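Participant: Take this sequence and fold it.
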Amino acid sequence: MSTHTTTPTTPTTPTPQTTTTPQTPQTPTAPAAPRRRPGTAGYWVGALVTLVATLGALLWGAGAFLGWRAHIEDFPRVTVPGAAVVTLTDTGTRILYVEHDRSITDPAVPAITVTAPSGATVPVSAYSGEMRYDVPGATGRVGDAVAVFTATEPGAYRLTIPASDTDATVAVGDDLVWGWGPQLAGIVALFLGGLVAGLALVVVTAARRSGPTS
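Facilitator: Coordinates of the predicted model:
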């Protein structure tokens, strides 16, 4: 009798299939463009600002100086000894200047009498401080502030000056410091402001140009 042996068959495990997802190709990143170095325009603008401010201050100063000399030249004057009538169109403080030779360091102050339009005597007091100017058109002569009076009404004021040991002239004017000081301050401010602004532009431009370009 024959024997038939059957060998059990091992079930085959199906191989899982791998699904491959297609990858999107990456676009290469372009290198960053180097930072452009700032130009030199800031230097030129800074120089131009400084130049314009300097020229403006010089022109303003020249005009103010010429106007200041013309203002002094228009002061009413009385030769010592003598008398004169000075017409004042507005009220306020008036300063009396003694114009004398520059070589005289301490000029004698003559006795000055001021009479108001009403006929009343106007008080005259000594000037506290120092103020001097060069007399326009008179080389070697200067004017020193020596006295002050207050005009309380517009009109004709009479100045009487007796004889004095000094060859002098008395001029009637205003306070040159307060009258012309603001212009001087403006001239200085214009010059310094332009200088600072111009230098600032130059420094900022130099700092930006010295930075990294990448």
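Participant: pLDDT weak spots in the protein?
Facilitator: 1-35, 165-166, 211-214 (pLDDT under 70).
Participant: Let me see the ranges of the strands in it.
Facilitator: 77-79, 82-88, 92-101, 113-115, 121-122, 125-126, 132-134, 141-151, 155-161, 169-173 (DSSP state E).
Participant: Distance check, the residue nearest to the spatial centre of the chain against Val177.
Facilitator: Centroid-nearest residue in the chain: Ala189, 1.0 Å away (criterion: CA atoms, centre = their mean). Distance, Ala189 to Val177, by CB to CB, to the nearest Å: 17 Å. Using the backbone N, CA and C atoms, a C-beta is placed for each residue, glycine as well.
Participant: picking up where we left off before, and of the strands of the chain, who's closest to Val204?
Facilitator: Val204 lies closest, by CB to CB, to one member of the strands of the chain: strand 132-134, at 43.8 Å.
Participant: And the closest one, what's buried?
Facilitator: Tyr133 (16 or more other CB atoms under 10 Å).
Participant: what does stretch 115-122 give?
Facilitator: Going by neighbour count (16+ other CB under 10 Å), the buried part of stretch 115-122 is 115-117, 122.
Participant: and of the residues you listed, the nearest to Asp106?
Facilitator: Val122 (25.8 Å).
Participant: mind listing what the closest one touches?
Facilitator: Applying CB atoms under 8 Å, 6 or more residues apart in numbering to Val122 gives the contacts 114-116, 149-152, 157.
Participant: Buried only: go through the residues you listed for me.
Facilitator: 114-116, 149, 151, 157.
Participant: Tabulate these (JSON lines), appending distance to Val202.
Facilitator: Below are the buried ones among the contacts of Val122 laid out as JSON lines (distance: CB to CB, whole Å):
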{"residue": "Val114", "distance to Val202": "57"}
{"residue": "Thr115", "distance to Val202": "63"}
{"residue": "Ala116", "distance to Val202": "60"}
{"residue": "Phe149", "distance to Val202": "54"}
{"residue": "Ala151", "distance to Val202": "53"}
{"residue": "Tyr157", "distance to Val202": "57"}
